[in-house]
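**Student:** This is a predicted model, with the sequence first.
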Amino acid sequence: MCTLMSSPNLNSLITYTMHDFQFFGGGWMMFFWWFLILALIVLVVRALMNTDKQNTKTETPMDILKRRYANGEINKEEFEERKKELLS
């Protein structure tokens with residue numbers, strides 16, 4: 001039994017099974033899991049990008065003008081002038 005445990009064939013068998021993608025199911029299943037993980041990442045990124053687009057679509061031109069005035073990007077005269085243009 002001692003000679004069996006130290007034989008090179010047993011060591012190569014253990015090494016082979018440890019590195020044969022057993023975690024992912026081996027063979028073609030490995031590609032399936034990687035595809036699934038990649039697809040989930042793409043879906044999450046697209047969902048996050050769509051939420052940003054939805055927030056900007058609901059903002060009216062008057063909201064944008066008010067936000068720019070509040071941030072100091074435009075002065076009061078420019079705010080009043082553009083406000084008149086929007087309301088006419």
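**Tutor:** Cool, the structure landed.

**Student:** Identify the residue spatially nearest to K83, adjacent ones excluded.
**Tutor:** Spatial nearest neighbour of K83, excluding adjacent residues (CB to CB, 6 or more residues apart in numbering): L65 at 6.4 Å. (C-beta placed from N, C-alpha, C; glycine too.)

**Student:** Could you pull up phi and psi at that neighbour?
**Tutor:** Main-chain torsions, L65, degrees, to the nearest 10: phi -60, psi -40.

**Student:** does it really touch E78, like I thought?
**Tutor:** No: the pair L65 / E78 is not scored as a contact, 9.3 Å apart, by CB atoms under 8 Å.

**Student:** Which of the two has more residues huddled nearby?
**Tutor:** L65 (18 against 13; other CB atoms under 10 Å).

**Student:** Would you check how far apart the more buried one and I74 are?
**Tutor:** Distance, L65 to I74, by CB to CB, to the nearest Å: 8 Å.

**Student:** Now for those two: what residues contact both?
**Tutor:** Shared contacts of L65 and I74 (CB atoms under 8 Å, 6 or more residues apart in numbering): R82.

**Student:** pull the longest helix from this protein.
**Tutor:** Identified as the longest helix of the chain according to DSSP state H is helix 28-57.

**Student:** Quick check: mean pLDDT of it?
**Tutor:** The pLDDT scores in helix 28-57 average 82.

**Student:** How about stretch 60-71?
**Tutor:** Taken as a whole, stretch 60-71 carries a mean pLDDT of 93.

**Student:** Export it to PDB, keeping only CA atoms.
**Tutor:** Provided in PDB are the C-alpha atoms of stretch 60-71 (Å, rounded to 0.1, in the frame of the first residue of the first chain):
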ATOM      1  CA  THR A  60     -37.600  69.000 -18.500                       C
ATOM      2  CA  PRO A  61     -35.800  71.900 -20.100                       C
ATOM      3  CA  MET A  62     -37.000  74.200 -17.300                       C
ATOM      4  CA  ASP A  63     -35.500  71.700 -14.700                       C
ATOM      5  CA  ILE A  64     -32.200  71.800 -16.600                       C
ATOM      6  CA  LEU A  65     -32.200  75.600 -16.600                       C
ATOM      7  CA  LYS A  66     -33.000  75.800 -12.900                       C
ATOM      8  CA  ARG A  67     -30.200  73.300 -12.200                       C
ATOM      9  CA  ARG A  68     -27.700  75.200 -14.200                       C
ATOM     10  CA  TYR A  69     -28.700  78.400 -12.400                       C
ATOM     11  CA  ALA A  70     -28.400  76.800  -9.000                       C
ATOM     12  CA  ASN A  71     -25.000  75.400  -9.900                       C
END
